[in-house]
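Student: Take a look and give me a structure for this.
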Amino acid sequence: MTGTVVIAFPRSFPQARRIAEHLNATLLPYDAEVFARTFESAQRIVALMAAGIVVRSIAPLLEDKWVDPAVVVVSPDLSYSIPLIGGHHGANELAKELAVLGIRPVITTATESTGRESVEMMAKRSGCDIVNRDSTRTVNAAIIDENVPVLAVRGPAVVIAGTRVSVLFNKGTYTVGIGCRKGIKKEEVLAAIRQALDTCRISPHEVFAYATTAKKYSETGLTEAIASIPAGLIFLDDEIINAQPLRSPSRAGRIGLPGVAEPCALALSKHKELLMEKTVFGRVTIAIAR
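Tutor: Residues are numbered from 1 along each chain as shown. Alright, predicted model coming up:
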């Protein structure tokens, strides 16, 4: 099965085959369980049928717009394609891909329907991922009402961003949480990172972001180390760190936190999966999540 699936009733297979061939997609016949079977494995789903059938089928399956597949409904007469979920996560583009077949995309996301570009689309266009995903709701709403500035900071630089600012980093899969002793040296941090990444067989270029507590803001050895490698360092405040699920016991309770390395890695991760529990390398503690 390909990443794109077309689901249709057998009587609509002639039309569905046109769509599937155009998208290089897998064509599946509709049955009561077909959405449940494909929802986790498919990245994109085109449903050639009434929208009500699709809504009732996928409603129990929805988890998070960042991980759910993009779903587009196409009317049985091939007149319209409607991104049902994941408009900013591939569904709008999928609907537009069908326009060459004469199927008119009906875009309902507020930014695109008013001729604006959402944060998610900016990230995709620039080859980036969004560090603070929760910010997109506020920023996209602002984009509709005003001209929101887009600032490119090449660095070396420090950016202090509030909750109404979306931060984009170069694409990557893994997040690395770092804790360290006071007065840590740049070389100690770099050596610990190399050991941790080698242990997990992760290339430095696969790291999306490094993260630590804002309490380490004055640790110049830490900031200098991350500034010398191809990724950014995010200082997380106590509220974000405390909101992460408690994993391994930590001595960070001395600074009022449940931990540093593990919660920082998890806070910025996309799938909230811990690949390396907190591990001590000399005077540096590292955890890795995806």
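
Student: and residue 144, how many residues sit next to it?
Tutor: With neighbours defined by other CB atoms under 10 Å, the count for residue 144 comes to 14. Where you see a C-beta, it was placed from the backbone N, CA and C, and this is true even at glycine.

Student: Which parts of the stretch 51-200 of the chain are strands?
Tutor: 70-74, 80-85, 104-105, 128-130, 168-170, 174-180 (DSSP state E, counting those that start in this stretch).

Student: rank these by pLDDT, which is bottom?
Tutor: In terms of average pLDDT, strand 168-170 trails the rest of these, at a mean of 85.

Student: angle of the helix ranked longest in the chain against strand 174-180?
Tutor: Identified as the longest helix of the chain according to DSSP state H is helix 186-200. For helix 186-200 against strand 174-180, the angle by axes from the mean of the first three to the mean of the last three CA atoms, to 10 degrees is 140 degrees.

Student: Check which helices and strands helix 186-200 sits against.
Tutor: Under the contact criterion of 3 or more CB pairs under 8 Å, 6 or more residues apart in numbering; DSSP states H and E, helix 186-200 touches strand 174-180, helix 220-227, strand 274-281, strand 284-289.

Student: which one of the ones you listed is the most hemmed in?
Tutor: Of all these, strand 174-180 carries the top mean neighbour count, a mean of 28, counting by mean count of other CB atoms under 10 Å.

Student: Pull up the pairing partners for it, direction included.
Tutor: Within its sheet, strand 174-180 is paired with strand 207-213 (parallel), strand 284-289 (antiparallel), according to DSSP bridges.

Student: Reformat those strands as CSV; add mean pLDDT.
Tutor: Supplementary listing: these in CSV, determined by pLDDT from 0 to 100:
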stretch, mean pLDDT
strand 207-213, 93
strand 284-289, 96
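
Student: Reformat those as JSON lines; add distance to residue 120.
Tutor: Compiled in JSON lines, these are given as follows (distance: least, CB to CB, whole Å):
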{"stretch": "strand 207-213", "distance to residue 120": "16"}
{"stretch": "strand 284-289", "distance to residue 120": "21"}
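
Student: about what we covered before: how about the strands of the stretch 51-200 of the chain in CSV, adding distance to residue 189?
Tutor: Below are the strands of the stretch 51-200 of the chain laid out as CSV (distance: least, CB to CB, whole Å):
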stretch, distance to residue 189
strand 70-74, 39
strand 80-85, 41
strand 104-105, 48
strand 128-130, 23
strand 168-170, 19
strand 174-180, 7
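
Student: residues in contact with the lowest-mean-pLDDT helix or strand in the chain?
Tutor: For the chain, counting by mean pLDDT, DSSP states H and E, strand 168-170 ranks last in confidence among helices and strands (a mean of 85). For strand 168-170, contacts defined as CB atoms under 8 Å, 6 or more residues apart in numbering pick out 119, 122-123, 126-131, 208-209, 230-232.

Student: what about burial for those, which qualify?
Tutor: Burial by neighbour count, 16 or more other CB atoms under 10 Å: within those this picks out 119, 122-123, 128-131, 208-209, 231-232.

Student: one step back: to residue 56, which of the strands paired with strand 174-180 lies closest?
Tutor: If you check each of these against residue 56 by CB to CB, strand 284-289 wins as the nearest, at 34.9 Å.

Student: how far is the closest one from where the chain is centred?
Tutor: Its chain's average C-alpha position is 20 Å from that of strand 284-289, according to CA atoms, centre = their mean, to the nearest Å.
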